[in-house]
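Student: Sequence plus the predicted model coming up.
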Amino acid sequence: MSIDPSFNRLLAIAAGIALATGSLSVQARQTTGFASFRVFNPTPGTSPYLCLVEQSGAVVNNCPFDVTLVFGLMSDNVGVHSITVQSYWGSSASFPCTPYAYAGTGQGMQGNAGTFYQTNYNITSTSTINPTVNVAAAGDSIQLICWGVPPGAGIYTINWSP
Amino acid sequence: MTTHAKRTILAAALTLTLATGAMTADARSMTGFGSFKVKGTYSTNPYACLAENNGAVVNNCPFSVSLYFNLPIDNSGLHWMTVQSFWGSTASFSCDPYGVSGIGEGTTGLSETFFATNSIGIPFYATNTIYPSVNTPNGGESLYMICWNVPPGAGIANINWTS
């Protein structure tokens, strides 16, 4: 089959438009732990925001108690969202992170959690987990909750498909 | 290759482009809790009593708190928002969107108010929804929304906006 040059040009232009508008690009979004964290319902009388510190982008729990951290992950699309979470490299503590999808009406859809295990890695290197969550309807939103982050531990970066 | 074949292939390419989202309206979503910050200063730390409830940021403080929501955008033009209030309250408060260029001046968009009266006939555990909008005429401008004086017990559950 022979394809004339003018048709090749048309296809090249179409591909260029598709790339420029993002349809064929790799869909990934990334944030640091410190830029995106919130504290989940702190115990009355405690002020975790005063002892959660930044270190090269990581949010690190310098409090003398466990803190549960919430990370909002902006989403643009329905379907399954894959998440990659790196822990703070200065700790080998164990804690789980669970993604949720919410419609804003009081019911959350829990995704597949991941847990940082002490045995996964040595101190001074990050550990990675890969939770996933399904966004069932347009307009639903995603949060990742890292439960009971122990003193000295933290979250370095989060990468997800939007 | 015939003209008909070319048209067929181009139509398929366009369909693929549409299906992968390049020409759809870009909508973006975030929970209220995932995107809020406290606006203003208070004698008591509001962060100690702003709670998370299934994605919603809920004011459990004994005083009203103004909440700021950062809404990252990619494009200039008119941005539409859909804001759901916390389902556990029928309180009234207003939310204003702003488009800013970073030089100390901005555009206030169309403000919208959650009215307590909106909930008449609606079960208590139902969200109210408002639809603010704002224009960011130039590339590089930023978008945020402030919900002013959110009363105790009230909050924001979910925000959806065109990016």
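Tutor: Perfect, I can see it now.

Student: distance of A:Gly90 from chain B?
Tutor: Note on A:Gly90: its distance to chain B, by C-beta to the nearest C-beta, to the nearest Å, is 25 Å. Just so you know, the C-beta spots here come from the backbone N, C-alpha and C atoms, and that holds for glycine as well.

Student: Count the neighbours of that residue for me.
Tutor: When counting by other C-beta atoms under 10 Å in any protein chain shown, one arrives at 17 neighbours for A:Gly90.

Student: Likewise for A:Pro48?
Tutor: For A:Pro48, the count of nearby residues is 21 (other C-beta under 10 Å).

Student: any idea how far it is from chain B?
Tutor: Per C-beta to the nearest C-beta, A:Pro48 is found 9 Å from chain B.

Student: What of A:Ile129?
Tutor: Counting by C-beta to the nearest C-beta - A:Ile129 and chain B are separated by 19 Å.

Student: give the contact list for that residue.
Tutor: When contacts are counted by C-beta atoms under 8 Å, 6 or more residues apart in numbering or on different chains, A:Ile129 touches A:Thr84, A:Val85, A:Ser87, A:Cys97, A:Gly114, A:Thr115, A:Phe116.

Student: Now do the strand or helix carrying the second one: which elements does it pack against?
Tutor: Assignment of secondary structure by DSSP states H and E places A:Val85 within strand A:79-87. For strand A:79-87, the contact count by 3 or more C-beta pairs under 8 Å, 6 or more residues apart in numbering or on different chains; DSSP states H and E identifies strand A:95-102, strand A:128-129, strand A:132-135, strand A:141-149, strand A:154-160 as packing neighbours.

Student: buried stuff in it?
Tutor: A:His81, A:Ile83, A:Thr84, A:Val85, A:Gln86, A:Ser87 (16 or more other C-beta atoms under 10 Å in any protein chain shown).

Student: Kindly report the same for stretch B:37-55.
Tutor: For stretch B:37-55, by 16+ other C-beta under 10 Å, it's B:Lys39, B:Pro46, B:Tyr47, B:Ala48, B:Cys49, B:Leu50, B:Ala51, B:Glu52, B:Asn53, B:Asn54, B:Gly55.

Student: Grab the two from the residues you listed that are most spread out in space.
Tutor: B:Lys39 and B:Asn54 (23.1 Å; C-beta to C-beta).

Student: Can you tell me how far the closest residue to chain B within chain A is from B:Pro137?
Tutor: When scored by C-beta to the nearest C-beta, chain A has A:Gly72 as its residue closest to chain B, at 1.7 Å. If you measure A:Gly72 against B:Pro137 using C-beta to C-beta, to the nearest Å, the figure is 27 Å.

Student: Is it possible to get a markdown table of the contacts of A:Ile129 that adds pLDDT?
Tutor: Shown next, in a markdown table, are these (pLDDT from 0 to 100):
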| residue | pLDDT |
| --- | --- |
| A:Thr84 | 96 |
| A:Val85 | 96 |
| A:Ser87 | 94 |
| A:Cys97 | 97 |
| A:Gly114 | 94 |
| A:Thr115 | 93 |
| A:Phe116 | 91 |
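
Student: Would you point out the most distant pair within those residues?
Tutor: Largest pairwise distance in those, by C-beta to C-beta, is 14.4 Å, between A:Thr84 and A:Thr115.
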